[in-house]
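Chemist: Model the structure of this input:
(chains A, B and C)
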Amino acid sequence: MTAVSSTGVPDEYISSRSRSSGVWVDRSFRGVALGAGLSVLAILALIAYFTTKQAWPIFQFDAWGFVTGTRWDPTNNKFGALPFIYGTAVASAIALAFAVPLSIGIALFTNELAPRRLKKPVIYLVDLLAAIPSVVYGLWALAVLESPAQTVYEKISDTIGKIPLLGRVFGGVPSGASLMTAGVVLAIMMIPIVTAISREVLATISQDDKNAALAMGATRWEMLRACVFPRVRSGLVGAVMLGMGRALGETIAVALVIGSNQKIDSHIFHAGDSMASVIAHEFGEAASQPRYRAALIGLAVLLFVFTLVVNILARWITGRAERRAAL
Amino acid sequence: MTTTSVPTGWVGDRSTSPRRRFADGVASVWMIGSVIVALIPLGFIAFYVVAKGISVISWSFLTKNIPIISDSAGGGIAPAIAGTLTLTLVAAVLAVPLGVLAAIYLNEYGGERPVARVIRFMADVMTGVPSIVMGLFVAMIWVSAGLHRGFSTLAGALALACLMLPIVIRSSEEMLKLVPDELRQASDALGARRWVTVTRVVLPAAIAGIVSGAMLAVARAAGETAPLLFTIGVSRKFVPRLDAQNTALPIQIWNNAQEPVRAAQDRAWGAALTLIVLVFVLTVIARLVAARFATQER
Amino acid sequence: MIATLKRPRVLVAVVGLAALLAACGSSSGGSGSSTLDGGGSSFQKNFDEAVISAYADKNPDVTVNYAASSSGTGKSALQTKTIDWAGSDSLPKPDELSSYQGGKLLYFPTVAAPITVSYNLPSVKTLKLSGDTLAKIFALKIKKWNDPAIAKDNSGVSLPSTSITVARRADASGTTSNFTKFLEQVDPTDWTLGHGDTVNWASLPGTTQGGTKNGGVAQIVKGKEGAVGYVDLADATGSKLQTAEIENKAGKFVAPTVEGAAAAVAGAKLSPDLSYDPINAAGPNAYPITSPTWILAYATQPSADKGNALKAFLSYIYTDGEGMANAAGYAPLPASVIAKAQAQLNKLQIPTS
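Modeler: Numbering: from 1, shown residues only, chains lettered A, B, ... in the order given. Below is the predicted model of the structure:
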């Protein structure tokens, strides 16, 4: 037990200031805490440095060919990453198409429409989607979703897929393991984060402004269009970009359902491949071959850079929107 | 159903044209529909994991080793449970003290200084780094190149710790912010040095929230697969050493999901249910800890 | 209360760090002399696991692990010495041998098995495929099951108009290597991708689906009507897949059975390094797509414990293990080959202490 003076204050308090060694302890504690904070920067810098260094052979050899090449053929030393960049982009785009309307709808519901008692449970349930591990999403999608999805795709392919231009996207021989399925799973995984940030952004609009619009006889929808949407637009863009950052980096769930077809194919019901899932599937066998390994780490560098850029942009946009709304 | 303070006679005004009311109705359908559509997969996943997993879970499933013949039923996933618990514990030991210290710097010393703002921003950015990049990073510097120590539980824990660090920093900083300034000022007025104030007054006041945040980070790390793929190796028995290879629940799900044999699929669902329960328990305890001690705030 | 709240956290951290350091420190000193880590081919997984399981019953103090992934991953891990032995269905090419950081390799053949051509057509009970037709299917030159070429091999059988979905391996696989070797030999005009652990499927005019490990390909075939893929017998049986009869060199359509594989191996010529090639073997009952399997290990063993454990395990395979092959879905080696393999065991250089 610490010794306590007659006033009930621990002795250490009173005596610490008068001891000159206290200054040294204070400074070193602050230093240690600062060091801990700088460790974040250190780790990020180390990741950037080591991944780039290990991927350097491929960048040095043929950076342009790497990023734009369409042929990934490790046995013949051909490493064109474009099919994976394409697959990642398409799966993410499909995910955005589904997730954005849903997430903004949910955010509007909880902020505007929901009765007080329903608000917390809905938020809690939507947040639960974020707690499910991605490998469980993958297992479920693989074992449960793929078969019925394939039937649905086949119906769409037989109807819309017969139309000439649309057939390039929705036609072909559909399969459960495809870009579309990967996109749908990504959409479900994106919803909690886009919803959460959207809710924060929507909450920056003051109730008084909304009341003013309603007082003038506007319906709820008109009020939203008039005084909420214009002001939260950039904030919502930020929220969507954060969700996209999540989708870009998602590895496991996508790897299980994307089909591993390393080709650029316009049909979304066909199998494809993404940067993260090809790393997950092929790094084991590449670990010992320098060029192959450098190529896969090069993919990781590209992923790192893409997600970094998207995240920084998103936070800058959301931050700016929140600062402006606070004025 | 109105949330405004405008007299009810003005809202839902009967002179609103049908077209305007229709647009408003569609918007409401969109909002309510979004909630329903988003919750359908949640219901489905919960249903399937429980339904398929519950028939597999048994005492022997939770306590036996992984069978040598992977396509045979029987055996259990005990090594995976032990592996996940060990990995998250070691990762927490690595990430939580470091993260709390960093949060202390940000909130107690750094404030709005440039260094602090950069660290805060980068910590936020770090939460967005794909987990496979973290795993590859550790694989490169520790496992198959660099230090060349081979697959190990410690390597896996390192990767998870990198993942947990920014989460712990952000949540701890939020908790430290909640501690009222009066406490700090009172401690200062009594003549305490800053470090004494922080460790004797602020930290204990925020400890419940910090522990809660740390547990949520652990729950998140427990479910991660990608950082473990190229770091912990593989094993069918639990080896209680940090330099040994081990297995974990997410790895078992990942491997077994891709084998079409019934026994492997069953094992995957059983492991999935176990993992979900583990994550759920951690989350619930975290919320209880946060709620219980929140009432003690003066 | 304030002070005691602070202590447990610090205590846990200190204990944790101490345990960490202790565990790290205890690593040196014959790291796991009782553990033999193996990994690689999923094709031989079922045999290796059966043998390991029986071996474990007899030798509880030795833990033999086998991490099934693909031949390519196994060879890669052996190159960096992260495993002690690799299971592979294809042998390293001459220019790859320098990547093996442990020096010279020894190839120990273990069993052989048919690579089935598994398909998913509930209405077609028996399917016969000639080499040409098979090559055309996998080269995506035949798109539907009722194509004339397939009909020619199956007179009298009514074939549906379902589209063909080709399933293949996404990872570097010895099964792919052996399967494509067959296609290349029987029909080099239609099959132009050569053979190897990976081939450039993307250059084909159409889509193929990639699965991970033999199980992954089986999963694709099982899940999609009209799918066809190459899967080892054990996995095809385990997933209850339909398998096709393939035309062999003698012109006979042979089903993928253990006997067919044994017939293919019987006629194959064994090289001095114990490699052999049963693909498209002669003989009336030979199954033409029979895959050999090997265990790869370094001639110079790192320690006495590991070396002796490996030698004992391999000896067990050649004495009791071969008898388990049939039940697991594999053909055992002919006695002459086993004798030569056992003799090669003496080439393992095991340190004396």
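Chemist: which parts of the stretch 51-200 of chain A sit against chain C?
Modeler: A:71-76, A:83, A:146-147, A:150, A:172-173, A:175-177 (C-beta under 8 Å from any C-beta of the partner chain). No exception for glycine: its C-beta is placed from N, CA and C like everyone else's.
Chemist: next one: whatever helix or strand B:Asn256 lives in to chain centre, how far?
Modeler: Using DSSP states H and E, B:Asn256 falls within helix B:249-257. Distance of helix B:249-257 from the chain centroid (C-alpha atoms, centre = their mean, to the nearest Å) equals 18 Å.
Chemist: quick check, that helix touching chain A?
Modeler: Yes. Using C-beta under 8 Å from any C-beta, we find that helix B:249-257 touches chain A at B:Pro250, B:Ile253, B:Trp254, B:Ala257.
Chemist: which one among these gets closest to C:Val64?
Modeler: B:Trp254 (22.9 Å; C-beta to C-beta).
Chemist: residues near residue 247, how many?
Modeler: Just going to use chain A. 29 (other C-beta atoms under 10 Å in any protein chain shown).
Chemist: please go with chain B instead
Modeler: 29.
Chemist: quick one, helices of the stretch 51-200 of chain B?
Modeler: Here the stretch 51-200 of chain B has its helices, by DSSP state H, counting those that start in this stretch, at B:59-63, B:78-104, B:114-126, B:131-138, B:153-178, B:181-189, B:194-197.
Chemist: Ok, chain A next?
Modeler: A:11-18, A:21-68, A:82-108, A:116-131, A:134-140, A:146-159, A:164-170, A:179-202, A:207-215, A:220-223, A:229-249, A:252-257, A:275-286, A:290-326 (DSSP state H).
Chemist: For C:Asp305, which of the ones you listed is the nearest?
Modeler: helix A:275-286 (26.6 Å).
Chemist: report the angle between the axes of that closest one and helix B:131-138?
Modeler: Between helix A:275-286 and helix B:131-138, the angle comes out at 30 degrees (axes from the mean of the first three to the mean of the last three C-alpha atoms, to 10 degrees).
Chemist: Now do helix A:275-286: which elements does it pack against?
Modeler: Contacts defined by 3 or more C-beta pairs under 8 Å, 6 or more residues apart in numbering or on different chains; DSSP states H and E place helix A:275-286 against helix A:82-108, helix A:252-257, helix A:290-326, helix B:131-138, helix B:226-229, helix C:71-79.
Chemist: State the mean pLDDT of the third one.
Modeler: Spelled out, it's helix A:290-326. Averaging pLDDT along helix A:290-326 gives 85.
Chemist: sec struct for the residue nearest in space to the middle of chain C, please.
Modeler: For chain C, C:Phe43 is the residue whose C-alpha lies nearest the centre (C-alpha atoms, centre = their mean; 2.8 Å). Using DSSP: H, G, I helix; E, B strand; the rest coil, the three-state assignment for C:Phe43 comes out as coil.
Chemist: Can you give me the pLDDT of C:Thr63?
Modeler: 87.
Chemist: got a list of what it touches?
Modeler: B:Lys237, C:Gly32, C:Ser34, C:Thr35, C:Leu36, C:Ala56 (C-beta atoms under 8 Å, 6 or more residues apart in numbering or on different chains).
Chemist: try C:Gly74
Modeler: Contacts of C:Gly74 (C-beta under 8 Å, 6+ apart): C:Gly38, C:Gly39, C:Gly40, C:Ser41, C:Ile83, C:Ala86, C:Gly87, C:Ser88, C:Leu296.
Chemist: For the residue in chain C positioned nearest to chain A, name its beta-bridge partners.
Modeler: Here the residue of chain C nearest chain A is C:Gly210; by C-beta to the nearest C-beta that distance is 3.0 Å. C:Gly210 has the following beta-bridge partners by DSSP bridges: C:Arg168.
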